[in-house]
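K.L.:
let me see the structure of the following:
(chains A and B)
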Amino acid sequence: MSDLTSLTLAEARDRLKSRTISSVEITKAHLAAIERARGLNAFVAVTADKALKMAEASDTRFATKDAGALEGLPIGIKDLYATEGVHTQACSHILDGFRPVYESTVTANLWRDGAVMLGKLNMDEFAMGSSNETSYYGPVASPWAPPNWSRDRARAAMGSDKRGLLTPGGSSGGSASAVSARLCLAATASDTGGSIRQPAAFTGIVGIKPTYGRCSRYGMVAFASSLDQAGPLARTVRDAAIMLRSMAGPDPKDSTCSPTPVPDYEAAVGRSVKGMTIGVPKEYRLEGMSSEIERLWSRGAEWLRAAGASIVEVSLPHTPYALPAYYIVAPAEASSNLARYDGVRYGLREPGADVLELYEKTRAHGFGPEVRRRLMIGTYVLSAGYYDAYYVRAQKIRTLIKRDFERVFADGVDAVLTPATPSAAFGIGEKGSDNPVEMYLNDIFTVTVNMAGLPGLVAPAGLSSDGLPLGLQLIGRPFDEETLFALGETIEQSAGRMALPEPWWA
Amino acid sequence: MSVDRNTVRRIARLARIAVSEAETPHLQDEINAILKFVEALDAVDVAGVEPMTSVTPMRLPMREDVVTDGDIAKLVLANAPLTEDGFFVVPKVIE
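P.N.:
Modelled structure (predicted):
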């Protein structure tokens, strides 16, 4: 059985197509793996009955030969995608009991193509976090055990408060942990400042945040509308390409969703990168950056050079301002988006003597500390007298960040290569308790991409001296995900497929 | 810029989040840490720069101005914590 969960999405697809395995078989294998991995806390809801029904329907479609691109493939869904009649809370207490009466466009696209839903995946509350520790449902453990920990020690920590175990990153921590631990073939995730790419790097898997507008945001619980974008997490570049092709596409229900047709991303995997120009931005060479990350980065550039690309140094001068500007724009948009949680229309309701008290008590109890903090920051920077000084200024800086990239691309650069994260995964309970900014710094390499609306792919590129996965990021031109898949495949092939940890948790 | 305790209370009220007196000093410190972090932006010359309003150069699509759904009161109310006769229920607003 464990054999079936170790297949890549593409391998599973081919075996299903040739009917050497059935969807029910591979779905059952994953449901069993999920059961054994309860301790990781990657899933917040398992939809076993639904999964088996979908798998049976897929097997029927294989028999009648009208199978879709993802027919019969069991996947996990991040808890912020509205799934009709199924637990959807963005891992917040304030959405207690919420069962959407509609389906998000991205998940509807996946079901249209035949995918099988295993359940809903843990995440930081409303996607606000970089370690999956802000979830109302508790932290998620990475399948990567801390360096030098024995199996018994890791299992003991998993059974208690999980402190000391590694975080899978965030906000898509449940998705990353589940994909890395082989609990699903791939998963949906979302990325507002790095929430697909940082977890991919931390767990040794592949993640892509496509261009803003590539996937519909309809039915995704909103955090910061001008930054949020859907994307997949998967174990190979090819698998990520297969997933994205199904997830993406025009949608009249989201006016910011692009009408451009979706290319066959898988066809770009394996395409030659010969003659491409790769920019290495000098501003990403941070003071005090670990030599390990620097070496990984140079090695990545060497691999691409060896594959026939030329490497040039480029300058993105406004990079240092991306993260501070993000911490104005994102909370501002969040404070507006999350105004809808009022204790009246859905979710949690704390009684109050008047409507104001009802709102204030519901929101105080329903939102966790990180969400409350960001909503207050957002409210402040939008309040009378501060709007121009903070919000408008941050949006001007966003224009400058975008221009930096436009200039580099206009000079003939096809993609930009950077590290994915400033370090390997850290421990649960290790960061951000004294100063929230400490946690925010995790997104330093990823956040510029959201600010400029560009596509960014992270692929595993090697291990740290402690034996933990590290990733490299490729940033592309708007709607040129294909170049990222071609380059990502080169990195994956050069680095060698990441050997994922044996299941100490099972 | 930094916020004092009164400002913290005022923001909490605007954000419709109840904040106890005991929580205020801690929240004040955290908000000030974030405000200090974003001070870096003051160093940027933004004279003559247009604020970003749309991240992709895309014209919002128009559609015909017609009703596309409706008569779904049951669905709208399906997740409401308290309803009565097809309405949301809130504490009395008008005296």
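
K.L.:
can we go C-alpha only for contacts and neighbour counts from here?
P.N.:
Will do.

K.L.:
taking chain B, what residue is nearest to chain A?
P.N.:
residue B:51 (3.9 Å; Cα to the nearest Cα).

K.L.:
host element of that residue?
P.N.:
Using DSSP states H and E, residue B:51 maps to neither a helix nor a strand.

K.L.:
wait, what's in contact with residue 8?
P.N.:
Using chain A. A:185, A:235-236, A:239 (Cα atoms under 8 Å, 6 or more residues apart in numbering or on different chains).

K.L.:
you answered for a different chain; I wanted chain B.
P.N.:
Contacts of residue B:8 (Cα under 8 Å, 6+ apart): B:24, B:27-28.

K.L.:
quick one: stretch B:69-77 near chain A?
P.N.:
Yes - against chain A, stretch B:69-77 shows contacts by Cα under 8 Å from any Cα of the partner chain at B:75, B:77.

K.L.:
endpoints of that stretch, how far apart?
P.N.:
15 Å (Cα to Cα, to the nearest Å).

K.L.:
show me what contacts the closest residue to chain B within chain A?
P.N.:
Of all residues in chain A, residue A:396 sits closest to chain B, at 3.9 Å by Cα to the nearest Cα. Contact criterion Cα under 8 Å, 6+ apart gives B:46, B:49-52 as the residues in contact with residue A:396.

K.L.:
10 Å instead, please
P.N.:
Residue A:396 is in contact with A:325, B:44-53, counting by Cα atoms under 10 Å, 6 or more residues apart in numbering or on different chains.

K.L.:
quick check: closest non-adjacent residue to it.
P.N.:
residue B:51 (3.9 Å; Cα to Cα, 6 or more residues apart in numbering or on different chains).

K.L.:
that neighbour reaches residue A:399, doesn't it?
P.N.:
Yes - in this structure, residue B:51 is within contact of residue A:399 by Cα atoms under 10 Å, at 6.2 Å.

K.L.:
spit out the residues that contact the two alike.
P.N.:
Shared contacts of residue B:51 and residue A:399, defined by Cα under 10 Å, 6+ apart, comprise residue A:393.

K.L.:
what are the ranges of the strands in chain B?
P.N.:
In chain B, the segments counted as strands under DSSP state E are B:83-84, B:87-88.

K.L.:
hey, which of those is tucked in deepest?
P.N.:
strand B:87-88 (a mean of 14; mean count of other Cα atoms under 10 Å in any protein chain shown).

K.L.:
in chain B, where's the longest helix?
P.N.:
Taking DSSP state H as the assignment, the helix of chain B that covers the most residues is helix B:24-38.

K.L.:
quick revisit: scan the contacts of residue A:396 and report the most crowded one.
P.N.:
Among the contacts of residue A:396, the one with the most neighbours (other Cα atoms under 10 Å in any protein chain shown) is residue A:325, at 26 neighbours.

K.L.:
just the CA coordinates of the strand or helix carrying that one, formatted as CSV?
P.N.:
Assigned by DSSP H and E, residue A:325 belongs to helix A:322-337. Provided in CSV are the C-alpha atoms of helix A:322-337 (Å, rounded to 0.1, in the frame of the first residue of the first chain):
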residue,chain,number,x,y,z
ALA,A,322,9.0,45.2,-0.1
LEU,A,323,8.5,43.6,3.3
PRO,A,324,7.7,46.7,5.2
ALA,A,325,5.3,47.9,2.4
TYR,A,326,3.7,44.5,2.5
TYR,A,327,3.0,44.9,6.2
ILE,A,328,1.0,47.9,5.4
VAL,A,329,-0.8,46.8,2.3
ALA,A,330,-1.7,43.3,3.5
PRO,A,331,-3.1,44.2,6.9
ALA,A,332,-5.0,47.1,5.3
GLU,A,333,-6.7,44.9,2.8
ALA,A,334,-7.3,42.3,5.5
SER,A,335,-9.0,44.8,7.8
SER,A,336,-11.4,45.5,5.1
ASN,A,337,-12.0,41.9,4.0
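
K.L.:
neighbouring contacts of whatever helix or strand comes next after that helix?
P.N.:
Per DSSP H and E, helix A:322-337 leads on to helix A:355-366 as the next helix or strand towards the C-terminus. Residues outside helix A:355-366 that contact it (Cα under 10 Å, 6+ apart): A:92-96, A:136, A:338-339, A:341-344, A:347-352, A:372, B:12-20, B:90-93.

K.L.:
what residues are up against the residue most central in space within chain B?
P.N.:
Residue closest to the average C-alpha location in chain B (Cα atoms, centre = their mean): residue B:15, at 6.9 Å. The contact partners of residue B:15, by Cα under 10 Å, 6+ apart, come to A:335-336, A:338-339, A:359-360, A:363, A:372, A:375-380, B:9.

K.L.:
strands of the stretch 201-350 of chain A, start to end?
P.N.:
A:206-209, A:229-234, A:277-281, A:310-314 (DSSP state E, counting those that start in this stretch).

K.L.:
using CSV, write out every CA atom in the third one.
P.N.:
Spelled out, it's strand A:277-281. The C-alpha coordinates for strand A:277-281 follow below in CSV (Å, rounded to 0.1, in the frame of the first residue of the first chain):
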residue,chain,number,x,y,z
THR,A,277,19.2,34.7,-19.5
ILE,A,278,18.9,34.4,-15.7
GLY,A,279,19.2,37.4,-13.4
VAL,A,280,20.7,37.1,-10.0
PRO,A,281,19.7,40.2,-8.0
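
K.L.:
show me what it is packed up against.
P.N.:
Secondary structure elements in contact with strand A:277-281, counted by 3 or more Cα pairs under 10 Å, 6 or more residues apart in numbering or on different chains; DSSP states H and E, are helix A:291-306, strand A:310-314, helix A:393-410, strand A:415-419, strand A:469-476.

K.L.:
could you give the angle of that strand to strand A:469-476?
P.N.:
In terms of direction (axes from the mean of the first three to the mean of the last three Cα atoms, to 10 degrees), strand A:277-281 departs from strand A:469-476 by 120 degrees.

K.L.:
how about the second one?
P.N.:
Using the same axes, to 10 degrees, the direction of strand A:229-234 lies 140 degrees away from that of strand A:469-476.

K.L.:
packing partners for strand A:229-234?
P.N.:
So strand A:229-234, by 3+ Cα pairs under 10 Å, 6+ apart, packs with strand A:74-78, helix A:173-180, strand A:186-191, helix A:197-203, strand A:206-209, helix A:237-247, strand A:456-463.

K.L.:
could these go into TSV alongside mean neighbour count?
P.N.:
Compiled in TSV, these are given as follows (neighbours: other Cα atoms under 10 Å in any protein chain shown):
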stretch	mean neighbour count
strand A:74-78	29
helix A:173-180	35
strand A:186-191	30
helix A:197-203	34
strand A:206-209	34
helix A:237-247	26
strand A:456-463	28
